[in-house]
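S.K.: Structure of the sequence below:
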Amino acid sequence: MSPFSSGTRLRDMIRAIRACKTAAEERAVVRRECAEIRSAISENEQELRHRNMAKLMFIHMLGYPTHFGQMECLKLIAAAGFPEKRIGYLGLMLLLDERQEVLMLVTNSLKQDLNHSNQFIVGLALCALGNICSAEMARDLSPEVERLMRSREANTKKKAALCSIRIVRKVPDLAENFMGPASSLLKEKHHGILISAVQLCTELCKASKDALEYMRKNCIEGLVRILRDVSNSSYAPEYDIAGISDPFLHIRVLKLMRVLGQGDADCSEYMNDILAQVATRTESKKNAANAILYECVQTIMGIEATSGLRVLAINILGRFLSNRDNNIRYVALNMLMRAIIVDTQAVQRHRTTILECVKDADASIRKRALELVFLLVNDTNVKPLTKELVDYLYVADPDFKEDLTAKISSIVEKFSQEKLWYLDQMFKVLSLAGNHVKDDVWHALVVVISNASELQGFSVRSLYKALKAFVDQGSLVRVAVWCIGEYGEVLVNNVGMLQAEEPITVTESDAVDAVELALNRYSADVTTRAMSLVALLKLSSRFPSTSERIKQIVSQNKQNIVLELQQRSIEFSSIIQRHQSIRPSLLERMPALDEASYLVKRASITQATIAADKPALAVTLGGLKLPNGVAKPATSPLADLLDLSTDDAPAITTASTNTAPSDFLQDLLGIGGINSSTTGASSSASTDILIDLLSIGSSPSQNGLPAAAFSLPAQETKPVSTVPQVGHVVPEVMDLLGSLSSSTPVSGTKSAPAIPQDMDILDGVPSNTSVSGPDNIGHSSITAFQSATLKINFDFKKQPGKPQETTIHATFTNLTSISYTDFVFQAAVPKFIQLRLDPASSSIAPANGNGSVTQGLNVTNNQHGQKPLAMRIRMSYKVNGEDRLEQGQVSNFPPGL
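M.R.: Purely as a prediction, here's the structure:
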């Protein structure tokens, strides 16, 4: 006989295939064998049909096509003998699935075999139906399966129950037909039948609410009996696993109990005793027992259990945390995270063990335990828990420090009741893991320091000492140099000493040395070096005796390859050398930052936006343009407020101190709180560079200096951070001071003269500016807005030869008997309009119209003659300390504007 004939035995074919040394040889063997099988099929050789089908199944498992043998499966199923049917049904389950149309031809054979007198043939049919049953077959054959669930044979009952699970999944409408037989199977003694019946009841509860209610009424007693019997049963070799009697049946019953008891107090009460018995009598020395205990805990936490039973379940999880098996500890931590919602106090008892898990060698357990600790923190235990986590920072793995510092920072910020404790903990975190602290964390710390005037001395001294010891921690260095620059004289003079604080001796030269160390350290990034330059500039004003030395340090960066540092070095050197008269006012201490406003803005921006690096900008004479491929910036909060999220959204312009910058650091360090220039609808308010430079960001009254406003084109501007006033580096390549020299007019009708490159910018600022000139052409005035409390008039003037440009003189009149304070006017225009706001004449609107606030607006309509002017306005002010807000739309502009 040929070695590749249809009469070849299966084992011979397998041996020939395994003897192949290459894939090509294997394909040749399979190809020849398939050819012989096709020949045998065409010749209808019945005596070798079952052998050929066995070969096809092996070939199919190797991944070769065997569709040509599908009909042979049906022929074998239709045969009378058990061996042929066995091979036929096995081939049916392997070679076909429920999507094959040929499967419809087997329905009649299945029905006949389900009614066969031989239980083994019935078992074959049930097994095949449970694996490949389609919805049509389920409807046709469900009566036979339901009848077989009442059979006398245990094997047939078990397979019928398993087949019913497939039928219910395919056709949930048939669930009601199996509710009675399923509940009756729970009275059986055979464990195989019980497991199948419990699984069927679980599937019925998921498929139908009626079935769920039926099972609650008729099955709960049977389930309790089964669980009690299997828990108290004596040793049975056929069911025993590691000394536990049938843990699989335990777990199946507990899962069904959880489904039945969820949301049902009566069922839950009936289960309490047996669940307590299982939880207390099961020893947790073996893995099978741990599986039962874990499922028991899940059931207890999922039903309406008593508080005592829940405490028992949580104590079991506490024992799991002491287990050597990492998998058991991990699932225990997962379960405790769900249990803390139900009973926080019971979980708190295991706080010490959970803290030990934070120090575990397994990374997954560490992270899960850290999340659980974060959920455990409250006002009473925040200090001891924080101390434990901070102490662990000393030995924590570098990969884990980022998660750990983020959680510690969140805990301290959320639960701190004293600013002193908050600052002390944050200084420790910065000292131990400053390189892993996210930017928004130390931004928030700077905000807190600026508002805690009584703790600024403590802060700068603590940071100075930490900087000496941990100069390699980036975030610590940034906060330290910012504080030294702002509060250098406090550091040197030991101002604001606390009772428990020891005085330190720091000279002016020492303070400069600390900042110089941060500036010249090899690992310092551009942000840190830029902030160090700003701090040195401020120290030149705080410590006049060190000015010459500071000038030399700053000048060392004039040839720096980083343009940002080079610009700052050149400009700051010019300020130190040539502008001693204005340097004190230019470099005065920053005002306290609005902590509440910052927290609101911080919460409104996603974490991804905070951490993302800002893309570099291309500088042009007319303004700023985003390079190709850079995403459009997010819409500003003001645009959202005014409902300007469409494509024609107006550009937002404000001269207020409440502008919302797009960058947290700009907002944090005060850049956003300045009389600002025009911004696009897709960007936040930008900062006027000269105002920032002159430190007149809060309001004119704080500094006693006149406010000037500059603007960039509305559609192309982006927040620009530059300044001695601010400890922040701007990633954009921007001429911090020179950008004012030729690109923008100074709130007058004529452009400012161009400043030569060798001329200092501060020498080129005109002393007087005017809003309008004598050649301006006037238009009729309008009442732009009027309410019961406020009236706004607009006067218009145009320049000859520039029809697209309009100068608006706005007059704000208080109509009430109470003066308005902190008065701020904001305006929004469409994208085709450019708008520049001049500073307001005052921030106080007198009562009863006894005086008014005036403000200049310069408008450029780029589609003059095609589209009219349009503007939305918003006015915010305070009345007796309470915030008020009014807004409206100006739609009555004179024609021709």
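S.K.: Just the C-alpha atoms of stretch 523-531, please, in PDB.
M.R.: C-alpha atoms of stretch 523-531 as PDB (Å, rounded to 0.1, in the frame of the first residue of the first chain):
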ATOM      1  CA  SER A 523      22.400  69.700  34.500                       C
ATOM      2  CA  ALA A 524      20.300  72.900  34.700                       C
ATOM      3  CA  ASP A 525      17.800  73.200  31.800                       C
ATOM      4  CA  VAL A 526      16.900  76.400  29.900                       C
ATOM      5  CA  THR A 527      13.900  77.200  32.200                       C
ATOM      6  CA  THR A 528      16.100  77.000  35.300                       C
ATOM      7  CA  ARG A 529      18.800  79.100  33.800                       C
ATOM      8  CA  ALA A 530      16.400  81.800  32.600                       C
ATOM      9  CA  MET A 531      14.800  81.900  36.000                       C
END
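S.K.: Which positions in that stretch come out as buried?
M.R.: The neighbour-count check on stretch 523-531 (16 or more other C-beta atoms under 10 Å) flags 524, 527-531 as buried. Where C-beta positions appear, they are placed from N, C-alpha and C, glycine not excepted.
S.K.: what does stretch 805-819 give?
M.R.: Using 16+ other C-beta under 10 Å as the test for burial, stretch 805-819 gives 805-814, 819.
S.K.: Out of those, which sit inside strands?
M.R.: Counted as lying in strands by DSSP state E, out of these, are 805-814.
S.K.: got JSON lines for the buried residues of stretch 805-819, with distance to residue 827 too?
M.R.: Converted to JSON lines, the buried residues of stretch 805-819 look like this (distance: C-beta to C-beta, whole Å):
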{"residue": "805", "distance to residue 827": "16"}
{"residue": "806", "distance to residue 827": "13"}
{"residue": "807", "distance to residue 827": "14"}
{"residue": "808", "distance to residue 827": "10"}
{"residue": "809", "distance to residue 827": "14"}
{"residue": "810", "distance to residue 827": "9"}
{"residue": "811", "distance to residue 827": "15"}
{"residue": "812", "distance to residue 827": "12"}
{"residue": "813", "distance to residue 827": "18"}
{"residue": "814", "distance to residue 827": "19"}
{"residue": "819", "distance to residue 827": "23"}
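S.K.: Same list (those) but as JSON lines, adding pLDDT and distance to residue 198.
M.R.: As requested, those are arranged in JSON lines below (pLDDT from 0 to 100; distance: C-beta to C-beta, whole Å):
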{"residue": "805", "pLDDT": "89", "distance to residue 198": "83"}
{"residue": "806", "pLDDT": "90", "distance to residue 198": "82"}
{"residue": "807", "pLDDT": "91", "distance to residue 198": "84"}
{"residue": "808", "pLDDT": "92", "distance to residue 198": "80"}
{"residue": "809", "pLDDT": "92", "distance to residue 198": "84"}
{"residue": "810", "pLDDT": "93", "distance to residue 198": "79"}
{"residue": "811", "pLDDT": "94", "distance to residue 198": "83"}
{"residue": "812", "pLDDT": "92", "distance to residue 198": "77"}
{"residue": "813", "pLDDT": "93", "distance to residue 198": "81"}
{"residue": "814", "pLDDT": "92", "distance to residue 198": "78"}
{"residue": "819", "pLDDT": "89", "distance to residue 198": "78"}
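S.K.: tell me the two of those that are most distant?
M.R.: Maximum pairwise distance among the buried residues of stretch 805-819 (C-beta to C-beta): 34.7 Å, between 805 and 819.
S.K.: Neighbours of residue 345, how many?
M.R.: The number of residues packed near residue 345 is 10, by other C-beta atoms under 10 Å.
S.K.: distance of it from residue 498?
M.R.: Distance, residue 345 to residue 498, using C-beta to C-beta, to the nearest Å: 36 Å.
S.K.: for residue 788, same thing?
M.R.: Using C-beta to C-beta, we find residue 788 at a distance of 52 Å from residue 498.
S.K.: more neighbours, the two?
M.R.: Higher neighbour count among residue 788 and residue 498: residue 498, with 12 against 7, using other C-beta under 10 Å.
S.K.: Next, the more buried one: phi, psi?
M.R.: phi -90, psi 160 (degrees, to the nearest 10).
S.K.: That one contacts residue 456, correct?
M.R.: No: using C-beta atoms under 8 Å, residue 498 is not in contact with residue 456, being 11.6 Å away.
S.K.: helix or strand for residue 824, which one?
M.R.: With secondary structure defined by DSSP states H and E, residue 824 is part of strand 821-829.
S.K.: Tell me which helix or strand comes right after that strand.
M.R.: Next helix or strand after strand 821-829 toward the C-terminus (DSSP H and E): strand 833-837.
S.K.: Would you reformat the ones in strands among the buried residues of stretch 805-819 as JSON lines and include distance to residue 288?
M.R.: Output for those, formatted as JSON lines (distance: C-beta to C-beta, whole Å):
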{"residue": "805", "distance to residue 288": "85"}
{"residue": "806", "distance to residue 288": "85"}
{"residue": "807", "distance to residue 288": "86"}
{"residue": "808", "distance to residue 288": "83"}
{"residue": "809", "distance to residue 288": "87"}
{"residue": "810", "distance to residue 288": "81"}
{"residue": "811", "distance to residue 288": "85"}
{"residue": "812", "distance to residue 288": "80"}
{"residue": "813", "distance to residue 288": "84"}
{"residue": "814", "distance to residue 288": "81"}
